[in-house]
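Enquirer: Let me see the structure of the following:
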Amino acid sequence: MLEALRNAFRLPDLRRKMLYTGLILIIYQFAAHVTVPGVNRSVLDQLFSDDEAGFLSVLNLLSGGAVSNFSVIANGVYPYITASIILQLLVPIIPRLEAISKEPGGREKINQFTYYLAIPMAALQSIGQINIFESQLNTTEPLINGFGFNFSGGDSILTTTSVIVTMTAGTMFAIWLGELISEQGIGNGISIIIFAGIVANVPANLYRTLQTHFIFNLVSFAALTLITVVVIVIIQEGTRRIPVQYGKRVRGRKMYGGGATHVPLKVNTAGMIPLIFAQSIVTFPAIVAGFFSGNTAVRIQDTFGNQQGFIYWFVYFWLVVGFTYFYTGVMIQNQALAETLQKNGGFIPGIRPGRRTQEYINRIVNRITMVGAVFLGAVAVLPGVMQVIQRIVLGQAAGGGNPNPALVISSAGLIIVVGVVIDTMRQLEAQLLMRNYDGFMR
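Expert: This next block holds a predicted model:
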């Protein structure tokens, strides 16, 4: 791999692409430290000191520290991802969108709609993120001076509008940086932006984790990372190959078509999208409870807002499993494999073309998705399992504020990191093979 990396740097065009990608990531990290105007820094620091292993810490990890700084790009590129998911779900439901997607250049139009939808999603996420922060404050001081929707005074209107516009513009700036990487750099730009945000905050999280119980946390972190990465690679690369035969066609004196191939169905088609869905849903009760008072509201916040307890991890696991099946079904439906095979003269041996083929594919997908769903669910609850192990090994007092080695880089973060690394290595390999060099992956 090191030799292949040196070969990549010897080629002027590849070297330029790699350096360009690095430059864009440096710009992104600088932007992650530009704070939104009007933020009360002391209140923000106190908020994160009280949430050492909670939901805010996970958000901060996935943003590369932009959330703890309340940066202009604190939303990251997640509004774009949310908009993309929404359109993927709407295309098979709305006939007009489905017709547009099948037209020449239809995918480009859908991508354009995604950019348009990302703008209101960024504004809504900005408001939601500030409300989440303020619902967890233990002080009467506001997080952002003058922010609110009580428009009785002019200052409130100007402050609220400027904060929402600034954070929305920051999101679109991050998306633009990702597009620059896709066009002139190496890899998928949006994925690499997320990857950089996750990796940038790992050293600080690891240092904080190793401040207490050094040996235990170091061994736990190394073992968890190694085992999880190996399992992620195995599951992410796992496929079920369905054999496909193409019929021969005779035109004049020539014979066209024929031959056998296969359709690869991935074990984990959904990627890490179910983790994002489940995380959003499982924390929603805590957000709602933050607007109420009383013992019941406090118990709901403690259960679903602090990422602790059997109920939280049990609900989280089954939400991940359920969303995995749901999103995989949507993805398979959008691909329309049976229809595509029939149009191209292909068929699965022993299976009638058309509806029978679709039913056969759905049956296979449901079986292999069980492995992917359980895998994602297990990865999702890994921090909870680590909490139990900490209490057993270090004693009951080890819970609470003790740094969790599983949160140095979260489960969803590991899946993103491994997936982006594999995808980028394959793109570099393809570039090197075009120039007769051995690639990274043999």
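Enquirer: Shouldn't residue 241 be within a helix?
Expert: No: counting by DSSP: H, G, I helix; E, B strand; the rest coil, residue 241 is not part of a helix but strand.
Enquirer: Please tell me how far it sits from residue 364.
Expert: Look at residue 241 and residue 364: by C-beta to C-beta, to the nearest Å, they are 10 Å apart. Where C-beta positions appear, they are placed from N, C-alpha and C, glycine not excepted.
Enquirer: Who has more neighbours out of those two?
Expert: Taking neighbours as other C-beta atoms under 10 Å, residue 241 and residue 364 compare with residue 364 leading, 16 against 10.
Enquirer: and the gap between that one and residue 338?
Expert: 12 Å.
Enquirer: Give the ranges of residues in the stretch 101-250 of the chain that sit below the confidence cut-off.
Expert: Applying pLDDT under 70 to the stretch 101-250 of the chain flags the ranges 135-140, 145-155, 247-250.
Enquirer: ranges for the strands of it?
Expert: 239-246, 248-251 (DSSP state E, counting those that start in this stretch).
Enquirer: Counting neighbours, what do you get for residue 304?
Expert: 24.
Enquirer: Could you look up the SS state of it?
Expert: helix.
Enquirer: quick check: domain ranges of the protein?
Expert: 1-211+408-442, 213-402 (automatic domain parsing).
Enquirer: ok now the first one, how far from the chain's centre?
Expert: Think domain 1-211+408-442. 9 Å (C-alpha atoms, centre = their mean, to the nearest Å).
Enquirer: what do you get for the shortest one?
Expert: Here the centre of mass of C-alpha atoms in domain 213-402, compared against the chain's by C-alpha atoms, centre = their mean, lies 12 Å away.
Enquirer: Touching both of residue 241 and residue 364, which residues are there?
Expert: residue 265 (C-beta atoms under 8 Å, 6 or more residues apart in numbering).
Enquirer: List the buried residues for stretch 111-128?
Expert: Counting neighbours by 16 or more other C-beta atoms under 10 Å, one finds that the buried residues in stretch 111-128 are 113-114, 117-119, 121-123, 125-126.
Enquirer: is it true that residue 83 touches residue 111?
Expert: No: applying C-beta atoms under 8 Å, one finds residue 83 not in contact with residue 111, separated by 10.2 Å.
Enquirer: about what we covered before: in TSV: the buried residues of stretch 111-128, plus distance to residue 235.
Expert: As requested, the buried residues of stretch 111-128 are arranged in TSV below (distance: C-beta to C-beta, whole Å):
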residue	distance to residue 235
113	32
114	28
117	31
118	30
119	35
121	30
122	32
123	36
125	30
126	34
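Enquirer: Where helices are concerned, which of those residues count?
Expert: Cross-referencing the buried residues of stretch 111-128 against helices under DSSP state H gives 113-114, 117-119, 121-123, 125-126.
Enquirer: closest to residue 180 among these?
Expert: In terms of C-beta to C-beta, no member of those lies closer to residue 180 than residue 118, at 16.3 Å.
Enquirer: Pull the contacting residues for that closest one.
Expert: 79-80, 82-83, 171-172, 175 are the contacts of residue 118 under C-beta under 8 Å, 6+ apart.
Enquirer: at 10 Å instead, please
Expert: Residue 118 is in contact with 75, 77-84, 86, 125, 168, 171-172, 175, counting by C-beta atoms under 10 Å, 6 or more residues apart in numbering.
Enquirer: Ok, residue 376 next?
Expert: With the criterion set at C-beta under 10 Å, 6+ apart, residue 376 makes contact with 232, 235, 268, 270-275, 278, 317, 320-321, 323-324, 369, 411-412, 415.
Enquirer: Give me the secondary structure label for it.
Expert: Once three-state DSSP is applied, residue 376 turns out helix.
Enquirer: what's the spacing between it and residue 279?
Expert: To residue 279, residue 376 is 12 Å away according to C-beta to C-beta.
Enquirer: Which two among the buried residues of stretch 111-128 are spaced furthest apart?
Expert: Among the buried residues of stretch 111-128, 113 and 126 lie farthest apart (C-beta to C-beta), at 20.9 Å.
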